[in-house]
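# Dropping a prediction and its sequence here:
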Amino acid sequence: MRYDLGLNMKALVFGAAIATAFILFGFQYNDWLYPFSAIGLLYAGYGQGTLKMGTLMGALASTPIAILYLEGYFGQPTGFFVSETGIYAVVGLIILVGAMVGLVGAWTKASREKAKVEFEKQQKIGKNKNKNKKKKAEVQKTNEKTTFVDKIFKK
């Protein structure tokens, strides 16, 4: 028996790479690039088949960000976050936020596909209505032509 989990490895790998790249660019050049790492996590969640898989892959794609935090790419932690408990708390928060962003990406995809189905449904209804109107108009035109031609030839 084969189970399809809806796992898209390409989206996971590219999402994690995009997230990591923005963190590294932010560290190297400007700090304002850090928030753009969420784009990669959104993509990792968006590429999955279900909401559960999107959440799980968002958390998995955020692990490189947690590793970069442990390596010191976010700066030196101070206060409570110097302790072992503080470091674990931040790593847990990074993975939790990654899971939530992945969930948002998967929810966006589900919402978009639902809207596509509704749009197609509306298009089909509209096409049928227009076809029926065109057929009725064509029938009326042919009836008008035949009555006009009949009037000419009856005289």
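Cool, got the structure. The structure presented is a predicted model; accordingly, all values stated were derived computationally and were not measured. Numbering: from 1, shown residues only.

# only C-alpha atoms for contact and neighbour calcs from this point on.
OK.

# Tell me the secondary structure at A16.
Put simply, A16 is helix when judged by DSSP: H, G, I helix; E, B strand; the rest coil.

# Quick check: closest non-adjacent residue to it.
A61 (4.5 Å; C-alpha to C-alpha, 6 or more residues apart in numbering).

# and what of A21?
Nearest one to A21, counting by C-alpha to C-alpha, 6+ apart, is S37 at 7.5 Å.

# Can you give me every residue that contacts that neighbour?
I18, A19, T20, A21, F22, I23 (C-alpha atoms under 8 Å, 6 or more residues apart in numbering).

# The residue nearest to A16 reaches A44, doesn't it?
Yes - applying C-alpha atoms under 8 Å as the test, A61 and A44 come out as touching, 6.8 Å apart.

# Settle it for me: which of those two has more neighbours?
A44 (38 against 31; other C-alpha atoms under 10 Å).

# name the element that one belongs to?
helix 38-46 (DSSP states H and E).

# Next SSE downstream of that helix?
By DSSP H and E, the next helix or strand past helix 38-46 is helix 51-61.

# got the contact list for the helix holding A44?
Against helix 38-46 from outside (C-alpha under 8 Å, 6+ apart): 11-19, 53-55, 57-58, 61-62, 98, 101-109.

# coming back round to it: list the contacts of the residue nearest to A16.
L12, V13, G15, A16, A19, G40, L41, A44, G98.

# From the contacts of helix 38-46, keep the buried residues only.
11-19, 53-55, 57-58, 61-62, 98, 101-109 (16 or more other C-alpha atoms under 10 Å).

# Where does pLDDT dip in this protein?
1-6, 126-155 (pLDDT under 70).
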